[in-house]
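1. Here is a sequence with its predicted model. Questions after.
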Amino acid sequence: MSIIFDPRDPSVRTDPYPIYRRLRETDPIHQSHFGYWILSRYADVDAVLRAPGASSEFYRDRTWANRRGGPDSPLVQSVRKWMLMLDGPAHRRIRGAISKVFTRASVERLRPRIAAETARLLDAAGEGKTDLIHSLALPLPVTVTCELLGLPGSDRDQCRRWTEQISRVIDPSITAEDAVEMNAAEVEFREYVADHLKERRSAPRDDILSLLLHAEVDGGQLTEEEIIANVQFLFVAGHETTVNLIGNGLLALLRHPDQLRMLRDNPEIITDSIDEITRYDPPVQIVSRLLTEDVPLTDVTLPAGAKVMLLFGAAGRDPERYPDPDRLDLTRTGVKTLAFSGGPHYCIGAALGKLETSMMLTELLRRYSTIELTGDDLVWRPNVSFRGLQELPLQLVR
Ligand code: HEM
């Protein structure tokens with residue numbers, strides 16, 4: 001029987017791994033009923049991420065743009081400047097400018113702030129019942145992104161609301177109503193960032209916003225519109241991804257008590273553990289590409305013009321790449337997770353997202369002798385590109 005794969009199917013949301021396995025085993029280069037090729041093997045996903053003919057410029061597709069308010073809408077005009085949505089020299093230019101200011105050193109400088117914010121959130125959570133997602137995972141990344149850019153922490157809730165609206169732009173299942181809300185959020189967020197840039201122009205500070213105004217790239221600088229769009233994108237890129245990495249990570253550990261114990265006894269393995277966790281249950285499940293040239297894969301060549309969905313969750317469980325892939329094994333060696341993508345769009349914030357997650361998980365294990373799940377009916381968020389829990393109800397005992 002042929003497979004029908006629909007990422008919007010609620011059973012895929014609850015547990016995508018059985019269908020991923022069937023796809024990999026029976027139809028690894030699957031032509032879906034909605035016009036996309038679906039790739040589920042590690043080697044094929046990796047090959048497309050690195051292929052010169054794999055474009056990320058979805059905004060050029062009329063249907064895509066129209067569903068988001070049209071090519072001239074504020075949202076599409078912003079998104080077409082996001083580095084995520086650009087190819088070739090245009091991509092390298094924006095990425096080059098952002099990489100000059102968003103460096104390893106800038107991430108390291110955030111370490112004490114992340115530690116302080118983690119401690120503050122855990123102090124507030126205290127003991128007893130808590131929901132990891134709302135009380136701990138959701139507030140952390142937006143506070144850290146504000147800190148990274150030099151925006152006031154007191155604006156974090158507002159920034160989070162705008163970010164949550166705009167993030168849905170990459171969701172293939174958005175409605176016309178969503179598009180209206182997302183465009184309204186984009187306009188408000190744009191004005192907010194523009195006001196801060198104006199301030200930095202007249203009185204520069206030691207923060208990334210000020211540095212971005214002057215970052216030299218290809219002998220020029222980014223335009224104000226490009227800076228605003230990519231500031232919005234940094235919020236989007238760092239938000240749901242990190243929330244879901246913290247949530248999926250703790251859930252995976254709770255479902256593998258031996259691995260949780262190992263991490264509790266050996267907190268120094270946290271960094272490698274995060275790679276294994278992202279292989280096991282990645283926060284970003286799907287990225288898509290438009291092929292502008294033929295792309296040869298293991299057994300077939302995908303034709304120019306094809307639209308492709310890459311299933312990161314399926315690639316991470318490919319037995320050709322990882323022996324016994326359904327087992328979470330924090331001592332696994334040679335993990336080269338695709339969860340942060342690969343090729344030219346490899347995640348710039350991977351070190352930051354891993355640092356936030358490792359500090360939160362380490363501190364949870366250090367503070368509480370017992371962490372228990374208090375409900376079995378877990379509800380997953382309805383976004384098809386991201387995989388994350390609506391809530392993770394816990395009982396915390398010191
Ligand atoms: C912690 C979990 C995170 C995960 C799983 C993750 C995942 C990803 C993935 C899959 C992509 C590439 C998408 C594609 O190839 O089309 C990406 C790109 C990107 N991410 Fe992350 N990310 C995380 C955290 C962050 C953070 C904290 C930031 C910054 C605040 C960030 C900034 C970026 C940027 C700027 C890009 C675009 C790179 C480009 O297009 O050249 N990410 N991320």
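-> That came through fine. Values in this document were obtained by computation on a predicted structure and should not be read as measured data.

2. In a helix, residue 155, correct?
-> Yes. Applying DSSP: H, G, I helix; E, B strand; the rest coil, one finds residue 155 inside a helix.

3. Contact partners for the closest residue in space to it that isn't next to it in sequence?
-> Among residues not flanking residue 155 along the chain, residue 146 sits closest, at 6.5 Å (CB to CB, 6 or more residues apart in numbering). In this view, the C-beta of every residue, glycine as well, is placed from N, C-alpha and C. By CB atoms under 8 Å, 6 or more residues apart in numbering, residue 146 lies in contact with 152, 153, 155, 156, 159.

4. Please report how far residue 146 lies from the ligand.
-> In this structure, residue 146 and the ligand are 11 Å apart, going by CB to the nearest ligand atom, to the nearest Å.

5. what's the answer for residue 40, then?
-> 16 Å.

6. any idea how far the longest helix seen in the chain is from the chain center?
-> Ranked by number of residues, the top helix in the chain under DSSP state H is helix 224-254. Using CA atoms, centre = their mean, to the nearest Å, the mean C-alpha position of helix 224-254 is found 5 Å from that of the whole chain.

7. coming back round to it: ok, so of the contacts of residue 146, who is nearest the ligand?
-> Taking CB to the nearest ligand atom as the measure, the ligand lies nearest residue 159 of these, at 12.2 Å.

8. From the contacts of residue 146, keep the buried residues only.
-> Buried residues within these, counting neighbours by 16 or more other CB atoms under 10 Å: 156, 159.

9. residues in the stretch 251-398 of the chain within reach of the ligand, list them.
-> 283, 284, 287, 339, 340, 341, 345, 347, 348, 349, 352, 353 (CB under 6 Å from any ligand atom).

10. out of those, what pair is the most spread apart?
-> The span of these, defined through CB to CB, is set by 287 and 352 at 19.1 Å.

11. The two - which one has more neighbours?
-> residue 352 (25 against 22; other CB atoms under 10 Å).

12. Over to the residue nearest to that one when sequence neighbours are not counted. Which of the three states is it?
-> Leaving aside its sequence neighbours, residue 352 sits nearest to residue 107 (CB to CB, 6+ apart; 4.8 Å). Under the three-state scheme (three-state DSSP), the conformation of residue 107 reads as helix.

13. Report the separation between residue 107 and residue 101.
-> 11 Å (CB to CB, to the nearest Å).

14. hang on, the earlier thing: nearest to residue 247 among the contacts of residue 146?
-> residue 156 (18.7 Å).

15. Which residue does the stretch 101-250 of the chain have closest to the ligand?
-> residue 238 (2.9 Å).

16. mind listing which of the residues of the stretch 251-398 of the chain next to the ligand are in helices?
-> Reading helices off those with DSSP H, I get 352, 353.

17. just to revisit the earlier point, immediately after the longest helix of the chain, which helix or strand?
-> For helix 224-254, the following helix or strand on the C-terminal side (DSSP states H and E) is helix 257-265.

18. Buried ones in whichever helix or strand comes after that next one, by neighbour count?
-> Counting by DSSP H and E, the next helix or strand C-terminal to helix 257-265 is helix 270-280. Neighbour-count burial for helix 270-280, counted by 16+ other CB under 10 Å, picks out 270, 273, 274, 275, 276, 277, 278, 279, 280.

19. Same check on stretch 121-140?
-> Neighbour-count burial for stretch 121-140 flags 121-122, 125, 130-133, 135-140 (criterion: 16+ other CB under 10 Å).
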